[in-house]
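[1] What shape does this take:
(one chain, ligands or ions: 2)
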Amino acid sequence: MGQGLSCGTSDDHGLFSAVQCGDVETVKTLLERNSSLVHRSRVYDRQSALHIAAANGQVEVVSMLIDQSVNPDLLNRYKQTPLMLAAMHGKLSCVQKLIEAGANILMFDSLNGRTCLHYAAYYGHSDCLKEILSAARTSHVASSWGYARFVNVKDGKGATPLHLAARQRRPECVHILLDNGALVYASTGEYGFPGSSPLHLAARAGSLDCIRELLAWGADRSHRDDSGRIPFTVALRYKHGACAVLLNPSSAEPLVWPSSLKFVSELNEEAKSLLERTLMEANKERENNILKGTAYSPINSDDGMDDNISEVSDTEVCCICIDQLCMIQVQDCGHQMCAHCILALCCHSKPNTSTTSPTEPLCPFCRSRIVQLQVIKFEKDEDTNHDNYSSKIRKSRRSRNLSEGSSSFKSLSAVRSFGKMTGRGSGRIAAENEYIDKSQ
Ligand SMILES: [Zn+2]
Ligand SMILES: [Zn+2]
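    Numbering: from 1, shown residues only. Ligands and ions are numbered 1, 2, ... in the order given. Sure, this is the predicted structure:
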């Protein structure tokens with residue numbers, strides 16, 4: 001392996017193999033015998049003991065070395081830090097330990113000019129990615145560099161972590177990055193095809209899940225790279241037929257997560273994840289409609305999002321669409337509706353630019369401003385109501401599937417008819433909601 005070369009000694013060799021397999025006792029003994037060993041690095045790649053420990057997830061050794069005041073930002077031959085290696089190999093506990101020890105998250109290697117965030121995204125280690133992002137929020141990076149700038153940091157070829165995650169088919173990382181302010185329309189420099197957006201790269205990789213995430217975040221299907229190609233063309237070229245169908249600019253527009261609305265940033269986690277699931281579900285139904293009659297019908301979804309509400313028991317059908325069950329309660333008025341309807345109220349893939357005032361979602365029942373949304377808590381009643389509920393859910397799903405038109409979002413059309421209903425002056429509801437008009 002090269003340990004036998006000029007400056008390598010048997011102690012070095014012993015240390016590096018003990019570090020690699022996490023033999024803390026041996027490492028301790030060797031370092032007691034010769035404390036300068038801690039500063040040695042392997043001849044051929046200049047990995048220090050800390051690099052090797054981090055890459056192999058040997059967190060006890062990492063802790064021990066840090067306690068011996070080893071610099072957490074040592075560099076190997078490619079100017080990579082132990083933190084980069086831990087992120088590359090998905091060693092979460094080592095990532096945590098190194099960050100705790102003050103490792104710099106904003107170091108660039110000499111290989112690709114990448115940071116630890118790039119590597120976590122590239123290799124799809126979403127847990128490490130989250131850890132680095134949360135460190136970035138609180139560290140000096142946020143104040144000196146800016147958090148948003150860090151999330152969108154470019155490597156030597158102009159690729160952001162989002163580009164890499166999309167190219168490597170890492171939907172979970174794509175989601176986390178978007179959620180943390182990654183720019184969905186960023187263009188690469190030389191990476192991939194010059195001028196590629198994350199959507200181009202997901203199209204090239206043929207990742208339906210990444211494409212779904214990016215589209216739900218408002219990625220532009222007509223964005224052109226430097227050679228004038230749109231993602232649709234790229235998907236065709238790489239023979240990703242199902243991706244191409246979704247990316248075809250003339251197919252129905254997907255629903256877009258209403259990130260522009262201020263209240264969404266204040267959403268509690270529970271409500272947010274329910275709405276995110278609902279949005280993806282609605283988009284998948286839309287996909288199935290688009291794909292009907294093509295060779296790709298229907299696209300398999302394997303994420304099991306439909307199972308998430310099966311434990312709910314006693315509840316009411318949404319008064320707006322009279323189809324889905326009430327899952328969301330508006331604070332403070334307490335009015336309830338289903339997740340589809342609340343999304344329909346907030347989703348605007350094409351915001352109305354003629355009005356200057358930002359459109360705030362209003363409760364359709366009392367027209368008060370929606371401050372916060374709560375997921376309705378149901379009491380579990382295993383014996384009696386559960387079966388009832390399940391059949392209700394199945395029934396409502398079926399009816400929705402049957403009645404869905406090719407491009408209409410059922411709940412949205414339900415809201416429209418609700419709008420008409422209010423226009424007729426139903427005593428129950430305050431007045432016509434401006435929101436509903438804009439959404440048409
Ligand atoms: Zn509803
Ligand atoms: Zn209300």
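[2] For this protein, what lies in contact range of ligand 2?
    If contact is defined as Cβ under 5 Å from the ion, the residues of the chain in contact with ligand 2 are Cys333, His335, Cys363, Phe365, Cys366. Yep, even glycine has a C-beta here, placed from its N, CA and C like the rest.
[3] let's go with 8 Å and repeat that
    Those residues of the chain that sit near ligand 2, judged by Cβ under 8 Å from the ion, are Val330, Cys333, Gly334, His335, Cys363, Pro364, Phe365, Cys366, Arg367, Ser368.
[4] Those, buried ones only, as a PyMOL selection?
    The following PyMOL line selects those of the residues of the chain next to ligand 2 that are buried, judged by 16 or more other Cβ atoms under 10 Å:
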select buried, resi 330+335+363+364+365+367
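[5] can I get the residues of the chain next to ligand 2 in JSON lines with pLDDT and secondary structure?
    Shown next, in JSON lines, are the residues of the chain next to ligand 2 (pLDDT from 0 to 100; DSSP: H, G, I helix; E, B strand; the rest coil):
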{"residue": "Val330", "pLDDT": "86", "secondary structure": "strand"}
{"residue": "Cys333", "pLDDT": "87", "secondary structure": "coil"}
{"residue": "Gly334", "pLDDT": "88", "secondary structure": "coil"}
{"residue": "His335", "pLDDT": "90", "secondary structure": "coil"}
{"residue": "Cys363", "pLDDT": "85", "secondary structure": "coil"}
{"residue": "Pro364", "pLDDT": "84", "secondary structure": "coil"}
{"residue": "Phe365", "pLDDT": "87", "secondary structure": "coil"}
{"residue": "Cys366", "pLDDT": "90", "secondary structure": "coil"}
{"residue": "Arg367", "pLDDT": "86", "secondary structure": "coil"}
{"residue": "Ser368", "pLDDT": "84", "secondary structure": "coil"}
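[6] Keep only the residues of the chain next to ligand 2 that also lie close to ligand 1.
    When Cβ under 8 Å from the ion is applied, no member of the residues of the chain next to ligand 2 is adjacent to ligand 1.
[7] closest to ligand 1 among the residues of the chain next to ligand 2?
    Each of these was checked against ligand 1 using Cβ to the ion; the closest is Pro364, at 9.9 Å.
[8] Now do the phi/psi pair for that closest one.
    As for Pro364, its main-chain torsions (degrees, to the nearest 10) stand at phi -70, psi -10.
[9] so it touches Ile320, yeah?
    Yes. If you go by Cβ atoms under 8 Å, Pro364 and Ile320 touch, sitting 6.5 Å apart.
[10] May I have the secondary structure class of Val184?
    Following DSSP: H, G, I helix; E, B strand; the rest coil, Val184 is assigned to coil.
[11] what sits against it?
    For Val184, the contacting residues are Leu162, Leu178, Ser197, Pro198, Leu199, Leu214, Trp217, Gly218, Ala219, by Cβ atoms under 8 Å, 6 or more residues apart in numbering.
[12] again, 10 Å this time
    For Val184, the contacting residues are 162, 166, 174, 177-178, 197-199, 213-220, 223, 256, 259, by Cβ atoms under 10 Å, 6 or more residues apart in numbering.
[13] just Ala136 next, same as before
    Contacts were defined as Cβ under 10 Å, 6+ apart; by that measure Ala136 touches 99, 105-106, 117, 142, 145-147, 149-151, 153, 180.
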